[in-house]
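Engineer: Here is a sequence with its predicted model. Questions after.
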Amino acid sequence: LSRLYRRLFLQDLQAAFETGALGFFGELTSLAQPAAFARFLAEMRRIDWVVYAKPPFGGPQQVLAYLGRYTHRVAIANSRLASLNDHEVAFRWKDYRHHDKTKLMTLAADEFIRRFLLHTLPDGFHRIR
């Protein structure tokens, strides 16, 4: 399963690179060069990937209950934003490892936007209503 997943993932990553669908930012800008990207893929092919797969526990009802909690939420509520300026965004988050303690995290504005955009749907997808 690990080899199959690695092969399919890296094939799709190569295809995305060739169509210009990937963007490289910050420390990864050098990967925009075809030779550097090819070296990166070659390194990834040499690594043994670990795929952890187990049968789902529960059943369809538990899956629907889990997904149902997230279908109408935004990535971050305005009430969690503590402050922002031209360079940084501070927001509150809940640390579940430390008894649900609320903490404050400050990120560079571009990193905050990058993380926020991980939660947006690609073109052609629609939110469930």
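Structural biologist: Arrived safely.

Engineer: Got the phi and psi for the closest residue to residue 100 other than its chain neighbours?
Structural biologist: Spatially, and ignoring its direct neighbours in sequence, residue 100 is nearest to residue 94 (5.5 Å; Cβ to Cβ, 6 or more residues apart in numbering). To be clear about C-beta, it is placed using only N, CA and C from the backbone, and glycine gets the same treatment. Backbone torsions of residue 94, given as degrees, to the nearest 10, read phi -100, psi 120.

Engineer: from now on call the first residue 13
Structural biologist: Shifting the count to begin at 13 puts that one at residue 106.

Engineer: List the residues that contact residue 106.
Structural biologist: Residues counted as contacts of residue 106 (Cβ atoms under 8 Å, 6 or more residues apart in numbering) are 112-115.

Engineer: Tell me the pLDDT of it.
Structural biologist: Model confidence at residue 106, given as pLDDT, is 93.

Engineer: same thing with residue 81?
Structural biologist: 69.

Engineer: if we can go back for a sec, with respect to pLDDT, which of the contacts of residue 106 ranks lowest?
Structural biologist: pLDDT across the contacts of residue 106 is lowest for residue 112, at 91.

Engineer: Neighbours of that residue, how many?
Structural biologist: 8 (other Cβ atoms under 10 Å).

Engineer: Next one: it from residue 93, what distance?
Structural biologist: To residue 93, residue 112 is 20 Å away according to Cβ to Cβ, to the nearest Å.
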